[in-house]
Structure formats: C-alpha cells, structure tokens
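[1] what's the 3D shape of this:
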Amino acid sequence: MMEIPREEVTTAPDEAQPHVPVKRNQHIDMKCSKGEDAVRKTQAAQRKISGVVKDCRGKMIAIVGDFNKGKTWLVDKLTYVPEKEGELGSRALPDGFQLSTPGLCAKRVHIHGTHLVFVDTYGKNQAIAMTDTTEFDMAFKEEEFQRSLLSELCPNVLFVIGKMSRTEQKTMQELCSYLHRMQMQRKIVPKLFVVHNWKDVSDKDLFDSAIEEVCSLLGVSDNVEGDVARVSRSPGTTFCFFEEKGDVSVEATQLSKLKKTYCQHVQDGNLQDAENLKSQMESCGVQIRSGKVTKSVGSYVHLQWENGKTETCNHESFLKLCRTEVILQTCKESSTYIRASRLVGDGDNHSVVPIIDGKFDGIDVRHFFLANDNEGCTFGQVYNALAFPVVRASLQEAATFTTTAGKSLGFLNYMAEIKAAVERVAPRYFKVDGSNDRPATNTFSLEIELEQSGGKPASHIADVTRSQDTDPEKKCSDFSIHDGECKQKLLEEEPEKFYDVVIRPYPIKDFRHMSCTGLQLRVSKEFVSDTADGNIFNLRLVAPPGKSVQFLPDRNMQQAEPSMAMGASLGKGDLGQLRFISIGGQSCQYRVYNTQASEHAQKKRVIVEVPGFKDLQGSCKFADDVKSGNKSKDVKFSHKGGGKIEIKTSSFTTHEFVAASNNWTDITHLEGEEPAKTESGNQFNIGFGIDKSKTRITQDQGVLIVDVTSMCDDDSDSDS
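    Down below sits the predicted model:
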C-alpha cells in the first residue's frame, strides 16, 4: 500500500503562453486550404481562437455515465477548492434529478502544478418525446454527435456507474475497445477510470459486501503486502492448501520458499520435482491438499477439493489464508485485475481506501468506490471524504496529458482542442447541400465572434445568490438553500458562474442547428484570457462559400464511441463491420487490409466493390502476373510522409470476394481507415510512406484492388 500525500489543491495562476486578442465582431475562419498563404492564415486564426481562454498544463477527462448517476455531483466534489478563511466557498455545481448539464461543460482543478479539466455533458438515457418517429431517431443522432465530440476531446474517461449491471459491463468493454483504437491511431496512452457511486450503500458491512461482489464479477486477485500472494477467485483457479500439523521442523522463511517452489513446479508441470518437495514438507509436518475455485458470489468463495468434496469460505477467511500463505495459487495468473488500496492519514490515525487496478484490451483501468454520504449516513460521509482526494491524486498521477498542436509538451488550449474535435467529427454528421456523401475533413470551418450583449465576465455564484438570501444566518455560498427552479434558472442564464467553459446550443437547445443558429461559448472570469474582449462568444459551423449545411449523419455509420451510448437503441453491431462509399450515387462497399510483407516492410490493401462500372485504365486482372509499380490516371499515389491513395471514381463492372485477402487482417472497421471525400473521388489514409516501385492496381469483374508496400527506410518521395 502507498500513502497518498496531502494534496495541494489551489487556484494557482495558469502557466500562460502568449495570446492574441479577439476583437469585437471579428470573424475567424478556421478553414484549411492549399498554399503557404492559407497555412499562415489558418495558423493566425488558430492563435486567435486560442486567445479566448488561457493555456494550461493539464489533462482532459471526459465524464460519462447514465442520467442521474451522479456525474455532476462527482465533478463538484473533485473540483472543490477550499477558499481562504473569511472568503466565500468554491463554486457549487447544481446537481439533481431535475437538472440538466447545459451542453459541453468544462471545469478545472489545479493539483501539484497540473490542471485536471473535467468535461461534463448531460446524462445519457434520458426519456425523449416520441410524438415524431423521425425526430426521435434524430435526437439519438444528436446525442451521438455530442459523445463523438467528447471522445475526440479527451484521452481519459471517467465512467460513473451505480451497482454494476450487465449493460454497464458491456459499456466498459466497449469503452476499452474504443480507447484501444484511439491508442493505435493517435499514438497516445488513454486511461479509463471507473467510479462505483453506490447511493444505496450507507454502512460498512454493505460497502464491504458490495466491493466483494465487484471483485467476484471482475475475477480480482488479492494483492497483499510483502511478497505478492495473489489468488484469483475466478472460477477454475487451482490452488494448494498447506496445513501445518503440530510443530513444524523448519523455520518460517525456509517453509515459505518451499511452498512457492512447490507451486511453481506444479504450475510448470514438473510433477516429479513437485512430488519430491511434497514428501519433504510432509516429513516436516506440513500436509498439502489441492483444490480449485468453482465460483465466487458476493462475500463467499466456493471451493472444490481434489477428493470431490465442496466447501464455502467467506472472503475475509479466504483472504487471511492467502496472506498467511496457507493457500497459494498453482495455475498461471488468469485475472487481469488486482486488489490494491491506498493508505490515507498518518501513523495510527489512518484509513484504507480500496481500489482495483487492471488492464482490459491493453487499456489501464482503475476502479474507485463511493458510498451514500447524505445527511445521517456517517460512514459514507467519513469514507467519501477520504476517497475523493485519492481519486483526485490518481487522476493527477495516472491520467494522460493533452498537448495542443503548436504548444509545449503537456500544455493545452481548450478552444483549440474544441476546434480540432469539431473539424474531425463534423463531416460524419453534417453534409453540404443535402448530399449524403461524407465531405472531406477540411470542408467546414469554425467561426467565432464576440456576442454584442456579452457583459462582464461572471464571477462567483454567491454574487448571484447573495441578493436572494434574506436570512443573515444563511451562507451566501451555500447554494443548496435554493430550490431546483432557482438552480435551473441560474444554470441556463449564466452557466459560466458554475463552470469554467460552457459550449451549448442557444437559444435552440440542439446541436443539430449549429450551422445556422450556432453555439454559445461562455467563459468564466477565472479562465477567460486577459486579452479577450469579453467572455460570451458565438461559434458557428460554416460551409464553403455558396453552400448550405444540414445535419445528415452517415447512414451506414457506427457510433464513433459506442461505449458512451449508455442505453441507446443503436448498438455497436447493428451493421457489423460493413463500410460504404458513394460512387455515382451508388453505395459501394470497401474493405481495408494489412499484412507484414517482410521483416522491414508492411503492406496495405484497399478493396472497393464497384459493380456496374467500366474497368479503370491502367488496372489489370487479379490473376495476371503484373509487375509492381503500374500506374493509372484514375489512381493517384502520394508517396510523401504518411502516404495516401486517391481513387478517382470518374469511370468504373461485379466480383465475388477475393479469397487471396482472407489471410490478411481486416481493419476496415477501425477508426482512421475511413476514406475522406475529395473533389474528384475518395482518399484513403495509408499511414506509412509508399514504395512507388511496389504499387499494384487490380480490377476484375467489378472489384478494384489497390496494393501498396511501405518503404523500408520510410523515405519521403514525390508524387507520381
């Protein structure tokens, strides 16, 4: 166990970097285009939009979970800042069943030189009016858009749940799968933190029982002090039971070594060596029995001995046997989770806060536990007061930093990150002039202007509540003294009094209309840049000149982050792994594969089914032994940097699936393999420099296959 030091939670000034002021009514066009002038223009616009808020060195953490699971309440507890004596308390977030978090809300806390930036949204799985079926379906898509933004924004996820259900287990699995894809594509190390917020657990016995149930569900091993003696309670775990009969004629240290060596022999299959050690220990007064775990339910572990007899043991007794090495595991470790704990306090006056650490799908996962701390629940109040600093410290130590492009390592600018996330996500949900074709990622721009009615930056919530407190005994900072209607009114009118940054659809509460009515950006007094002219801005999604934008989500699109659906009716596997592009108004399925060409080179294959079209010029038949390096005016290879293939679909006849690709790995469904729409066709991102002497274009009976091989030294080359 490690001791958590007393944390210094402050509102210290940000480690600011230079900012450029945003002038009143000045439009900032974020559209990327070709040429150095466009690059300079984009960089200048980037600096201007970054100048709205202060830079900070920090970690962005998405808060996800179902409606009314306590997300906003948790953010409030984790960002609470004790003020100096005689001053007002920190901004209290209004949480409750009847209140909704407005849009995308960010709140910071400063710990040991690092800002934790929590990004919260309204809870998922809320009821939606079903008067119009189309509107009902589109409301789900609008939620997906928000979740896509959230997932693009934050490499760390804090998942808030109650008692763990099968749906939440599936959600955790999908979250890890999504974060694993993020890890592979964006070369970052995302983390998942799970908070079990048990609102109905108010005493220690119930709390301990609930933890044992989670441990049973996850198959947690017990990690004890000293030499790690882990015995998983997952079904099928085998172990040895060492029973001392009377006086043992060997010292404890030597006996411990003999036990572990015996178990290692059993695990490795060295049965003769194990039998010899068994005879030696029996002669010293130690009898050995073998058994296995059949199941673990709640606080009880069910065991079966080698003679077939069964026995039930409560967890505390089982854990004690493990700690004293009476029971040692003999099978290889199958559990990916271990029980750990954090020691809080000094000397004899300390307490233990339990956590569970592990990995799933290559992603680090850490579980925390909270109890009911309402009035009258003494155990929950005392325990949670110890647990909140542990959660904060873990996030500060283990979460991944966010680095904004162009900033020093670990420094981020929230508005620059928002801009980048919108530009990546928008093409999946918004279309130009009603076309169902997905536009290129640089089609849209994000414009920002100061709102004319923008007023003075908002400060503390007590500034608003002070005038409403007629009772001098009541504290102005105690926001709970006001009813829900008052809270909701203040939350809608001046949300920056609660959060550092709020981006919300306004006045229409729907992100689908951001291309016409736009979004409202409101920044708190503490976070707004010193050079910004005001603190209330308008954000608008803008199409190319002369074009209109409509909310038309990809028809065949899976959710970008199905794990955050939280009960949505569209699941991850609704369309399997099918992907389509539009060619001449017809949906054509495509697949992307990769394989290892040699020790130093890799290959990637793009297959597009193009039934009913003529063969491209320069293509060959699949069975033909055509030399690598063939070219076509309809397929362009970009050999520089990451490498790209652009298929010009101006002329395209149907083919059964090419069996030669069966031994390759199908990665079509992975994010990042989706083609981008260009003016002349579709562009596939390859991810490595292309060897121009090893390209092959094949088209036969309606199937187009483009093979490329990486350059061994990954040198850049010119376009062919």
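[2] Is the most centrally placed residue in the chain bridged to anything, and to what?
    Geometric centre of the chain, nearest residue: residue 157, 4.2 Å, by C-alpha atoms, centre = their mean. On the basis of DSSP bridges, residue 157 is bridged to residue 62, residue 192.
[3] How about the contacts made by it?
    61-62, 64, 175, 179, 190-193 (C-beta atoms under 8 Å, 6 or more residues apart in numbering). Using the backbone N, CA and C atoms, a C-beta is placed for each residue, glycine as well.
[4] Can you add pLDDT, neighbour count and distance to residue 450 and give those back as TSV?
    Below are those laid out as TSV (pLDDT from 0 to 100; neighbours: other C-beta atoms under 10 Å; distance: C-beta to C-beta, whole Å):
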residue	pLDDT	neighbour count	distance to residue 450
61	95	25	29
62	94	24	28
64	90	28	32
175	87	25	38
179	87	27	37
190	92	23	35
191	94	21	37
192	95	23	38
193	96	22	37
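[5] where does residue 435 land in three-state SS?
    Of the three states, residue 435 takes coil under DSSP: H, G, I helix; E, B strand; the rest coil.
[6] Give me the phi and psi for residue 52.
    As for residue 52, its main-chain torsions (degrees, to the nearest 10) stand at phi -70, psi -40.
[7] Check the burial of it by counting its neighbours.
    Applying other C-beta atoms under 10 Å, we find 31 other residues in the vicinity of residue 52.
[8] From residue 148, how far off is the residue nearest to the centre of the chain?
    Distance from residue 157 to residue 148, counting by C-beta to C-beta, to the nearest Å: 14 Å.
[9] What ranges in the stretch 551-700 of the chain fall below the confidence cut-off?
    For the stretch 551-700 of the chain, applying pLDDT under 70 flags the ranges 555-578, 584-586, 611-614, 617, 621-627, 640-641, 649-663, 669, 671.
[10] Checking residue 207 next. Helix, strand or coil?
    Assignment for residue 207 (three-state DSSP): helix.
[11] pLDDT weak spots in the stretch 1-150 of the chain?
    Using pLDDT under 70, the stretch 1-150 of the chain drops low at 1-47, 81-102, 122-132.
[12] Shouldn't residue 119 be within a helix?
    No - secondary structure of residue 119 (three-state DSSP): strand, not part of a helix.
[13] from what I can see it touches residue 104, true?
    Yes - counting by C-beta atoms under 8 Å, residue 119 touches residue 104, with 6.4 Å between them.
[14] intersection of neighbour lists for the two?
    residue 150.
[15] Show the backbone phi and psi for residue 273.
    Torsion angles, degrees, to the nearest 10, at residue 273: phi -60, psi -40.
[16] With residue 256 as the reference, measure out to it.
    Applying C-beta to C-beta to residue 273 and residue 256 gives a distance of 18 Å.
[17] Which elements pack onto the helix or strand hosting residue 537?
    Taking DSSP states H and E as the criterion, residue 537 maps to strand 536-542. When contacts are defined as 3 or more C-beta pairs under 8 Å, 6 or more residues apart in numbering; DSSP states H and E, strand 536-542 sits against strand 445-450, strand 519-523.
[18] and of those strands, who's closest to residue 401?
    Nearest to residue 401, of all the helices and strands packed on strand 536-542, is strand 519-523, at 22.2 Å by C-beta to C-beta.
[19] May I see the buried residues of that closest one?
    For strand 519-523, the neighbour count (16 or more other C-beta atoms under 10 Å) marks 519-523 as buried.
[20] For it, name the packing helices and strands.
    Right, strand 519-523 is packed against strand 501-505, strand 536-542 by 3+ C-beta pairs under 8 Å, 6+ apart.
[21] okay, now residue 508: neighbour count?
    Count around residue 508 with other C-beta under 10 Å applied: 12.
[22] nearest residue to it other than its sequence neighbours?
    residue 517 (5.3 Å; C-beta to C-beta, 6 or more residues apart in numbering).
[23] Correct me if wrong, but the one you found is in a strand.
    No - using three-state DSSP, the assignment for residue 517 is coil, not a strand.
[24] Residue 328: which of the helices and strands packed on strand 519-523 is closest?
    strand 501-505 (52.9 Å).
[25] JSON lines for the contacts of residue 157, including distance to residue 588?
    Converted to JSON lines, the contacts of residue 157 look like this (distance: C-beta to C-beta, whole Å):
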{"residue": "61", "distance to residue 588": "40"}
{"residue": "62", "distance to residue 588": "35"}
{"residue": "64", "distance to residue 588": "35"}
{"residue": "175", "distance to residue 588": "32"}
{"residue": "179", "distance to residue 588": "31"}
{"residue": "190", "distance to residue 588": "33"}
{"residue": "191", "distance to residue 588": "38"}
{"residue": "192", "distance to residue 588": "36"}
{"residue": "193", "distance to residue 588": "41"}
